[in-house]
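Colleague: pasting the sequence and the predicted coordinates here, then a few questions.
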Amino acid sequence: MGKSYVVTYVLWGFGGLFGFHHIYLGRDSHALLWMVTLGGFGMGWVLEFWKIPSYVMKANRKQEDLSQSHRQKPSMSIISFFAQIIVGIYFGIVAIIGLSSLNTFYFIMLPLAVGLGIHLVASISEETSDLRKTLTAAGITSLIFYERPIAILPVSIVASIISQKNRRIKTPSVHDNFSVRAYRLGLAYLAFYMPLAYLAIHNTVLTAAYIKDIASVILDLFTSFLFFPYTVWKTFTSGYGFFQEWEKIIKLFNSLQGETAEIAYKTLGLEDGATMEEISKMYKELVKLWHPDHNPDHSEEAEKRFIEIQTAYKMLKKLKKSAEL
């Protein structure tokens, strides 16, 4: 029996954010993607309003049509490529939130999470990609950027490129019944959210510090790009002209940075303007004092202080290094 346009639109309207219409049409990969991203962060769900007729036509297409086209290699899709990068980063962040404390995180967990997210996007329609090559690319890139907060970005980009280069049409197969499909989707949904459940039980403080590091790196990249015109103008015009308004923005960012540095100095128990030698000395003393292994009776407080001390030290070290350039 063919799929109905009316039923599809009704399911899109009342359960589209969770992929109900895709489940109805047999698009399980697309349904799973919508389940874990709430309809492609809402935007994908809205844009689908105009795509539903083509989805229904494809669902009603006979298997013979698929068998005639399965040997054709699809061309690279820019939209799909950027969607893969975004979802790869999203899956990577979820892994960071729940699993970043594991010793195997950069070896296994991060490339596995990013690679699976990218492959899920590659498989949402009649196309798919080579999962093994995608995971291999993610794993190698993750090792290159080992323990760097920004690692999820290059891992997602490289793995998405490899996935795009290995796109192909899915081989036609017999569809399983609804109960089997629902069981698989349920397992995949639980697997995705297990890291978040693990976070709620175990490593909240550590994850917060890691996310803060990622936000700091992204902010640095953004400000470098934002202030590039100002830097060029300052170099060649000695500070005259239209870009004088940028100086107000620069002063604002510097003031925010100064407030952050003040907090970091207080965390380490130092006066503003302490030397790098004084910072390093105090850091070593505080790390020994607040190491969780040395404070078994109040380990939660010690872990929180330990991470705050590490974050403050990294921040001040970075500021001192920037001031020397």
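Modeller: Right, received. Where do you want to start?
Colleague: dump the host helix or strand of Gly40 to CSV, keeping only the CA atoms.
Modeller: Gly40 belongs to helix 28-41 when assigned by DSSP states H and E. Extracted in CSV, the C-alpha atoms of helix 28-41 (Å, rounded to 0.1, in the frame of the first residue of the first chain):
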residue,chain,number,x,y,z
ASP,A,28,14.9,5.3,9.6
SER,A,29,18.3,7.0,9.4
HIS,A,30,16.6,10.3,8.8
ALA,A,31,14.2,9.6,11.7
LEU,A,32,17.1,8.9,14.1
LEU,A,33,18.9,12.0,13.0
TRP,A,34,15.8,14.1,13.8
MET,A,35,15.3,12.3,17.1
VAL,A,36,18.8,13.2,18.4
THR,A,37,18.8,16.7,16.9
LEU,A,38,15.1,17.7,17.4
GLY,A,39,14.5,18.0,13.7
GLY,A,40,17.9,19.2,12.6
PHE,A,41,17.8,21.9,15.4
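Colleague: enumerate the positions of stretch 91-104 that are buried.
Modeller: Across stretch 91-104, burial judged by 16 or more other Cβ atoms under 10 Å covers Phe91, Gly92, Ile93, Val94, Ala95, Ile96, Ile97, Gly98, Leu99, Ser100, Leu102. Backbone N, C-alpha and C define where each C-beta goes, glycine included.
Colleague: which residue, other than its chain neighbours, is closest to Ile152?
Modeller: Nearest residue to Ile152 in three dimensions, chain neighbours excluded: Gly92, at 3.5 Å (Cβ to Cβ, 6 or more residues apart in numbering).
Colleague: after the host helix or strand of that neighbour, next one along is what?
Modeller: Here Gly92 sits within helix 78-99, counting by DSSP H and E. The helix or strand immediately downstream of helix 78-99 is helix 110-122, counting by DSSP H and E.
Colleague: elements contacting that following helix?
Modeller: Packed against helix 110-122 by the contact rule (3 or more Cβ pairs under 8 Å, 6 or more residues apart in numbering; DSSP states H and E) you find helix 28-41, helix 78-99, helix 131-144, helix 152-165.
Colleague: following element in sequence after that helix, please.
Modeller: Sequence order places strand 127-128 as the next helix or strand after helix 110-122, per DSSP H and E.
Colleague: before we move on, the earlier item: in TSV, list the helices and strands packed on helix 110-122 along with mean pLDDT and distance to His21.
Modeller: Below are those laid out as TSV (pLDDT from 0 to 100; distance: least, Cβ to Cβ, whole Å):
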stretch	mean pLDDT	distance to His21
helix 28-41	91	8
helix 78-99	89	18
helix 131-144	94	26
helix 152-165	94	25
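Colleague: deepest of those, which one?
Modeller: Highest mean neighbour count among the helices and strands packed on helix 110-122 (mean count of other Cβ atoms under 10 Å): helix 152-165, with a mean of 23.
Colleague: what sits up against it?
Modeller: Taking Cβ atoms under 8 Å, 6 or more residues apart in numbering as the criterion, the residues outside helix 152-165 that touch it are 76-77, 80-81, 84-85, 88-89, 92-93, 96, 110-111, 114-115, 118-119, 122, 129-130, 133-138, 140-142, 144-145, 214.
Colleague: can you pull the buried residues of the longest helix along the chain?
Modeller: Longest helix of the chain, by residue count under DSSP state H: helix 299-324. Within helix 299-324, the residues scored as buried using 16+ other Cβ under 10 Å are 302-313, 315-316, 319.
Colleague: my read: His291 touches Glu303, true?
Modeller: No - with contact defined as Cβ atoms under 8 Å, His291 does not reach Glu303; the gap is 9.2 Å.
Colleague: in this protein, where is pLDDT below threshold?
Modeller: Along the chain, the parts satisfying pLDDT under 70 run over 1, 62-72, 101, 172-176, 198-260, 322-325.
Colleague: show me it divided up by domain.
Modeller: Following automatic domain parsing, the chain resolves into domains at 1-61, 72-203, 227-324.
Colleague: skipping adjacent residues, who's closest to Tyr189 in space?
Modeller: Once flanking residues are discounted, Tyr189 sits nearest to Met35: 5.6 Å by Cβ to Cβ, 6+ apart.
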